[in-house]
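Colleague: Next comes the sequence, and after it the predicted model I'd like to discuss.
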Amino acid sequence: MKKVRIGIAGLGRLGKSHAANLAFKVKNADLVAACSVVPEELDWARENLGLDSLFDSLEDMLRHAQLDAVFLVTPTTLHPQQIIDALQAGLHVFCEKPLALTIEDCERVMAVRDEHPGQVATIGFVRRYDPEYAYAKRKIEEGAIGRPILFRGQTADMDNTAAFQVQFSRTSGGVFLDASIHDMDLARWLLGAEVQEVYCVGDCYVHEGFREYRDADNATALYRFDNGAAASITVSRTTMHGHDTFAEVTGTRGSLLIGRPNRVANVDICDEQGVRIECVPTFYERFEKAFLLEAEDFVNCALRGGEPRCDLRDAVQATRVAIATTEAYRSGKVVVV
Ligand SMILES: NC(=O)c1ccc[n+]([C@@H]2O[C@H](COP(=O)([O-])OP(=O)(O)OC[C@H]3O[C@@H](n4cnc5c(N)ncnc54)[C@H](O)[C@@H]3O)[C@@H](O)[C@H]2O)c1
């Protein structure tokens, strides 16, 4: 079978993992090129992936590598224009979340996307591919909990990543666009409804560095949906025990608790401190399998013409909710989406 020739842009914290998946694990993917503005990352790709088609700009990669598709794993501020450039070059596009930091940029991307309906274009809302969240989605569709009415979600990163996150705030758009946006996407997906309004409380309780970006290290937001359902979404950058991400969906006839606790192994440690478990340290260990399934689906869609689990319209909606949540946090007021 024909393979999909892929070029990856961005070989940083997440890009290296995507690149290794595409090079060694994803069936029918042929990773043929990479670009990064960091020369050491290109050396890494040469040594570890055996790539020799390496570029210091996306523009050059699009012009010189013979590609069918791109993976964009670059700073969020670059996503909108890079998606547009790749679509206009005739390529299938996978881009990491979020789609953009402004609604204007979302609309710019959608206008170009609509001119290229035959190409696959998706944003990396990886949790839709996590076997546990996907199982919960199936259960809801089968009616196992009746009508879903409440979503409670949490994304929590370890305190030891906070110094990195403060720097990352320069381009990430802040904790709601960077982290909680996963829960916002899940809430829409699992409740089957759209957010109408949001109220949010939080602060820089531990790390003052976030204040410069009007960002938070811990916050909780409350959402009302257009079908009367509700959600509460908590985000933290200061956990001591691990990456503690989970969700709960309550329906009229039952509830689903998804992904908690995030165990390293199904083993209880019994010692002088009592009975305890070890939690996964970062998002990557938690969603490693989902990152692979997400890439496999993208490649299959590019080959066979299917639809990935998240289209750009979903990504625009999640971005709208994340922008409104940021505004609600900063203003202390209820914001209508
Ligand atoms: N799905 C998830 O759970 C998840 C997790 C982490 C990061 N992300 C997203 O992935 C993206 C990248 O995050 P990261 O943590 O890997 O960032 P990073 O800063 O570690 O890496 C960014 C990469 O982009 C490259 N780059 C910068 N400017 C470039 C340009 N003009 N052209 C080409 N390459 C360029 C850099 O060389 C680097 O390789 C972000 O949008 C982030 O939101 C998603």
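Modeller: Happy to help now that I have it.
Colleague: Can you name the residue of this structure nearest the ligand?
Modeller: Scanning the chain for the residue nearest the ligand gives Gly12, at 2.0 Å (criterion: C-beta to the nearest ligand atom). Every residue, glycine included, has its C-beta placed from N, CA and C.
Colleague: Might you report the residue contacts of that residue?
Modeller: With contact taken as C-beta atoms under 8 Å, 6 or more residues apart in numbering, Gly12 is in contact with Ser36, Val38, Glu41, Val73.
Colleague: Against Arg237, how distant is it?
Modeller: Gly12 sits 19 Å away from Arg237 when distances are taken as C-beta to C-beta, to the nearest Å.
Colleague: same thing with Ala230?
Modeller: Relative to Arg237, and taking C-beta to C-beta, Ala230 is found at 25 Å.
Colleague: out of the two, which sits in the busier spot?
Modeller: Neighbour totals were compared for Ala230 and Arg237, and Arg237 leads with 27 against 17 (other C-beta atoms under 10 Å).
Colleague: pLDDT score for the closest residue to the more buried one other than its chain neighbours?
Modeller: Distances taken as C-beta to C-beta, 6 or more residues apart in numbering put Asp217 closest to Arg237, at 4.6 Å, once the chain neighbours are dropped. Reading off the confidence values, Asp217 has pLDDT 98.
Colleague: Outline the domain layout of the chain.
Modeller: Each structural domain of the chain that the record assigns through automatic domain parsing is listed here as a residue range: 4-127+290-309, 128-285+317-336.
Colleague: quick one on the thing from earlier: between the contacts of Gly12, identify the one with the most neighbours.
Modeller: For those, neighbours were counted using other C-beta under 10 Å, and Ser36 has the most, 27 neighbours in all.
Colleague: coming back round to it: now do the same contact list for the residue nearest to Arg237.
Modeller: Shown in contact with Asp217 (C-beta under 8 Å, 6+ apart): Ala162, Val175, Gly202, Asp203, Cys204, Tyr205, Val206, His207, Phe210, Ser236, Arg237, Thr238.
Colleague: Need the pLDDT of the last one.
Modeller: I take that to be Thr238. According to the per-residue confidence, Thr238 scores 98 in pLDDT.
Colleague: Correct me if wrong, but it is in a helix.
Modeller: No. With DSSP: H, G, I helix; E, B strand; the rest coil as the criterion, Thr238 is located in strand rather than a helix.
Colleague: So it is in contact with Asn218, correct?
Modeller: Yes. Thr238 lies in contact with Asn218 (C-beta atoms under 8 Å); the separation is 6.2 Å.
Colleague: which residues are in contact with both of those two?
Modeller: Tyr205, Val206.
Colleague: just how off-centre is stretch 177-189 within its chain?
Modeller: Offset of stretch 177-189 from its chain centre (C-alpha atoms, centre = their mean, to the nearest Å): 8 Å.
Colleague: right, I mislabeled it, should have said stretch 282-302
Modeller: Here stretch 282-302 is found 11 Å from its chain centre; the criterion is C-alpha atoms, centre = their mean.
Colleague: heads up, I number from 344, so please use that
Modeller: Done: numbering now begins at 344, and the last item shifts to stretch 625-645.
Colleague: just the helices in the stretch 544-680 of the chain please.
Modeller: For the stretch 544-680 of the chain, applying DSSP state H, counting those that start in this stretch gives helices covering 626-647, 655-674.
Colleague: and the longest one, which residues are buried?
Modeller: For helix 626-647, a neighbour-count test (16 or more other C-beta atoms under 10 Å) marks 626, 629-631, 633-646 as buried.
Colleague: if we can go back for a sec, if you count surrounding residues, which of Thr581 and Asn561 has more?
Modeller: In this view Thr581 and Asn561 are compared by other C-beta under 10 Å, and Asn561 has more residues nearby, 20 against 17.
Colleague: that older thread, turn the helices of the stretch 544-680 of the chain into TSV, columns for distance to the ligand.
Modeller: Converted to TSV, the helices of the stretch 544-680 of the chain look like this (distance: least, C-beta to the nearest ligand atom, whole Å):
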stretch	distance to the ligand
helix 626-647	5
helix 655-674	11
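Colleague: Among the ones you listed, which comes closest to Glu458?
Modeller: Taking C-beta to C-beta, helix 655-674 is the member of the helices of the stretch 544-680 of the chain nearest to Glu458, at 12.5 Å.
Colleague: The closest one - what's its average pLDDT?
Modeller: Taken as a whole, helix 655-674 has an average pLDDT of 98.
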